[in-house]
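**Q** Sequence plus predicted model, see below.
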Amino acid sequence: AAKPGTPKYQDVFGRWLCDMAKKDVRLVGITPAMCEGSGMVEFAKRFPDRYYDVAIAEQHALTLAAGMACEGLKPVVAIYSTFLQRGYDQLIHDIALQNLDVTFGIDRAGLVGQDGPTHHGAFDLSFLRCIPNMVIGAPSDENECRQMLYTAVQHDGPTAVRYPRGSGRGVALQEEMQALPIGRGEIRREGRRVALLAFGSMVDVAEEVAQSLDATVANMRFVKPLDEALILDLAARHELLVTLEENAVVGGAGSEVARVLERLARPPRVLRLGLPDHFIDHGDQ
């Protein structure tokens, strides 16, 4: 759970963006009028000629990123999950179709609380994972977020790192940036009978619940490509697999896990947990 006084994910992103910009002169940052909300204030001050605020024009933000990628720059688009919906056509046709090197820092993924039904980032895993060429990561803590953003920018193609609103767990940030193996999860706890396959913000929850269940916990890390070897290994050793995600359960990461398990002659039982199939009202997270 979030700890008071720990940096917000948007600040982790902002700090990473500045550190990355120092290392790579090709990096540019784009935001559709969400400089403060996306943690880009420091970047805008320090790298004014590499900062583009295109105002409330999400479709333009994505097409601009595509054009810049065509010219050899490395655009990073900082955007809220709910606002990325507005640029879906551009994401598919202008970026993914051409396999362009654009990195998305997707903020406010999952439930956002007080901002209400229009602002919950409930659908990005569902609408992103069906797009060819996309790589989608869901970090479980602040440091994994930093390293995953670095991984995304190193990957030559469209990548998205989605993280929640608010503060992280209070995990220290590792200054040195190292790329994570794309499409590889990790086992956080070995248990028996039940395996919890958690994505992003749900890893914390899974680790807490696993104590009383004596369950295995996997931090899946990537939604696309999925760690199929890890899923099949867990399936072979457990009676029940439970997927947890802060995204609509319809068409989400759990659906893809179920699709991997379909191939087995005797698949284990699967329980998919996520946001229900209706619009979530406002309230605290």
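**A** Sure thing, it's come through.
**Q** residue ranges of the helices in the stretch 1-150 of the chain, please?
**A** 9-23, 41-46, 58-70, 81-84, 88-90, 124-128, 142-154 (DSSP state H, counting those that start in this stretch).
**Q** and the longest one, what does it pack onto?
**A** This points to helix 9-23. strand 27-31, helix 41-46, strand 74-80, strand 103-107, helix 142-154 (3 or more Cβ pairs under 8 Å, 6 or more residues apart in numbering; DSSP states H and E). Every C-beta, even on glycine, is put in place using the N, C-alpha and C of the backbone.
**Q** average pLDDT across the second one?
**A** With pLDDT averaged residue by residue, helix 41-46 scores 98.
**Q** List the buried residues in that helix.
**A** Within helix 41-46, the residues that qualify as buried are 43-44, counting by 16 or more other Cβ atoms under 10 Å.
**Q** quick one, which of the helices of the stretch 1-150 of the chain is nearest to residue 223?
**A** helix 124-128 (5.4 Å; Cβ to Cβ).
**Q** How far does that closest one sit from its chain's centre?
**A** In terms of Cα atoms, centre = their mean, to the nearest Å, the centre of helix 124-128 is set 10 Å apart from its chain centre.
**Q** Could you list the alpha-carbon positions for that helix in PDB?
**A** The C-alpha coordinates for helix 124-128 follow below in PDB (Å, rounded to 0.1, in the frame of the first residue of the first chain):
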ATOM      1  CA  ASP A 124      -5.900   0.600 -21.200                       C
ATOM      2  CA  LEU A 125      -4.700  -3.000 -20.800                       C
ATOM      3  CA  SER A 126      -7.800  -4.200 -22.700                       C
ATOM      4  CA  PHE A 127      -7.400  -1.800 -25.600                       C
ATOM      5  CA  LEU A 128      -3.600  -1.900 -25.800                       C
END
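**Q** hmm, who's touching that helix?
**A** 81, 84-85, 88, 106, 109, 134, 136, 138, 160, 162, 199, 223-224, 245, 247-248, 250-253 (Cβ atoms under 8 Å, 6 or more residues apart in numbering).
**Q** For residue 212, which of the helices of the stretch 1-150 of the chain is the nearest?
**A** Checking these against residue 212 by Cβ to Cβ gives helix 142-154 as the closest, at 24.7 Å.
**Q** related to what we said a few turns ago, for PyMOL, write the selection for the buried entries among the contacts of helix 124-128.
**A** Buried residues among these (16+ other Cβ under 10 Å), as a PyMOL selection:
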select buried, resi 81+84+106+109+134+136+138+160+162+199+223+224+245+247+248+251+252+253
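**Q** Filter the contacts of helix 124-128 down to the ones in strands?
**A** 106, 136, 160, 162, 223-224, 245, 247-248 (DSSP state E).
**Q** And the closest residue in space to residue 65 that isn't next to it in sequence, how close does it get to residue 56?
**A** Using Cβ to Cβ, 6 or more residues apart in numbering and skipping residues adjacent in sequence, the residue nearest residue 65 is residue 75, 4.0 Å away. Between residue 75 and residue 56 the distance is 18 Å, computed by Cβ to Cβ, to the nearest Å.
**Q** higher neighbour count, the two?
**A** residue 75 (27 against 11; other Cβ atoms under 10 Å).
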